[in-house]
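> sequence unknown, structure follows:
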C-alpha cells in the first residue's frame, strides 16, 4: 500500500478531492499534516509520496524523484504566503521577523527576498504563538497556508506583502512552493504503483480545474472562506503545472538558496520516469 502525505491546506484540496472522487484509492494510505511534519516523514521513509516543500527536494535530492507535470506554484500573488509588517520590507533591516514553523520553502523565499531584493539583514525567529498574538508585537511575521488566508481576511491593521508577487515582480518567473515527489526506494520497489498514481494525479489535476465549483461547495474551507473566494483562490492564485517556466523559476530559487548558504548546492531536477 502506497503511503501518501496530504498537506492540510486549501491549496491541496482540489487535487486530493478529484483523485479520491475519480479513482479507486483503497490501496492508498493518506497521512495528513503540515509541510514541515510531512517533510520529516518523507525523509524518514515513513511515507512514500507527498506534495512536499520544494526546498526539501534540494536538501535531499539523492533520496527523491520529482513526479512530472505537478506542482503547487504561482505566477504572481499566491494569497497564502504573506508577510505582515509594520513597515515596508526595505525598512526591516536589522529587525526581527517572526516565522511560521510550517514551511521551510516559504522561509527561504523570504530570506532570499530580504537579502537579495531589499538588501536587508534581518533576524529570523520561529514563533509558536497563535498568529493573532504574535502579530500584536512583531515588527513583521510570515504566515503561510490557511493561517495566512484567515489573517488576511480578518484584517490585522498591518501592511501585507504577498511573497508570490514579490518574487514574480523581481524575477518575472513563477515560484514553485511545492513539488510532488516520491522516495527513490518507492520508485524502485513499487515502480508500477507509483507510475499509476502519477498518471492519476495528472488526470486529477485536469478534473480539479474543470470541477472547481462543485469541489468548493463540498470543501471544509468554504465554511470560513466562502465559495466564491475559495474558487477565486484556486483559479487566480494557485497553479498546479510544472512546465518550463516553473522549472526555470525553481532552478533560480535553488541557485539563490545555495548562494546564501541555505542549501549546500543547487540540485539537478531528477524526474520519475
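Yep, that arrived. Every value quoted in this text rests on a predicted model; they were computed, and no experiment measured them.
> Return the distance of the nearest residue to residue 134 once chain neighbours are set aside relative to residue 179.
Using Cβ to Cβ, 6 or more residues apart in numbering and skipping the chain neighbours, the partner closest in space to residue 134 is residue 127 (4.7 Å). For every residue, glycine as well, the C-beta is placed using N, CA and C. Distance of residue 127 to residue 179, computed by Cβ to Cβ, to the nearest Å: 26 Å.
> Isn't residue 94 up against residue 122?
Yes: assessed by Cβ atoms under 8 Å, residue 94 is found in contact with residue 122 at 7.1 Å.
> Settle it for me: which of those two has more neighbours?
When neighbours are counted by other Cβ atoms under 10 Å, residue 94 and residue 122 differ, and residue 122 comes out ahead with 19 against 10.
> ok, now which ones touch residue 76?
164-165, 168, 237 (Cβ atoms under 8 Å, 6 or more residues apart in numbering).
> And the strands in the stretch 151-273 of the chain?
159-162, 175-183 (DSSP state E, counting those that start in this stretch).
> any idea which of the ones you listed is most buried?
strand 175-183 (a mean of 27; mean count of other Cβ atoms under 10 Å).
> Partner strands of it, with direction?
With DSSP bridges as the test, strand 175-183 is paired with strand 49-53 (antiparallel), strand 64-74 (antiparallel).
> would you turn those strands into a markdown table with mean neighbour count?
Listed next are those as a markdown table, based on neighbours: other Cβ atoms under 10 Å:
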| stretch | mean neighbour count |
| --- | --- |
| strand 49-53 | 27 |
| strand 64-74 | 23 |
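> mean pLDDT for those strands: which is lowest?
With a mean of 93, strand 49-53 has the lowest mean pLDDT of those.
> got a list of contacts for that strand?
By Cβ under 8 Å, 6+ apart, strand 49-53 touches 2-7, 12, 15, 35-36, 38-39, 41-42, 67, 70, 72, 103-105, 177-183, 186, 194, 197.
> Go again with 6 Å.
Residues from elsewhere that reach strand 49-53, judged by Cβ atoms under 6 Å, 6 or more residues apart in numbering: 4-5, 7, 35, 38-39, 42, 103-105, 178, 180, 182.
> That one: what's the following helix or strand?
Toward the C-terminal end, the helix or strand that comes next after strand 49-53 (DSSP states H and E) is helix 54-59.
> Distance from the chain centre to that following helix, please.
11 Å (Cα atoms, centre = their mean, to the nearest Å).
> Next, the contact list for residue 215, please.
Counting by Cβ under 6 Å, 6+ apart, residue 215 has contacts 14, 17.
> mind redoing it with 10 Å?
13-18, 21, 207-208, 222, 230-231, 234 (Cβ atoms under 10 Å, 6 or more residues apart in numbering).
> any idea how far the closest residue to residue 139 other than its chain neighbours lies from residue 162?
The shortest distance from residue 139 to any non-neighbouring residue, by Cβ to Cβ, 6+ apart, is to residue 95 (4.5 Å). Between residue 95 and residue 162 the computed distance is 20 Å (Cβ to Cβ).
> Next: residue 213.
25 Å.
> repeat for residue 244
24 Å.
> Contact partners for the residue nearest in space to the middle of the chain?
Residue closest to the mean C-alpha point of the chain, counted by Cα atoms, centre = their mean, is residue 177 at 3.6 Å. For residue 177, the contacting residues are 11, 35, 51, 53-55, 71-74, 78, 80-81, 103, 105-106, 109, 144-145, 163-164, 238-239, 253, by Cβ under 10 Å, 6+ apart.
> what residues do residue 94 and residue 122 have in common as contacts?
With Cβ under 10 Å, 6+ apart as the test, residue 94 and residue 122 both reach residue 139.
> Now do the residue lying closest to residue 233 once chain neighbours are set aside against residue 146, distance only.
Computed as Cβ to Cβ, 6+ apart, the closest residue to residue 233 that is not its neighbour in sequence is residue 79, at 5.7 Å. Look at residue 79 and residue 146: by Cβ to Cβ, they are 11 Å apart.
> Show me which residues of stretch 226-239 are buried.
For stretch 226-239, a neighbour-count test (16 or more other Cβ atoms under 10 Å) marks 230-231, 233-234, 237-239 as buried.
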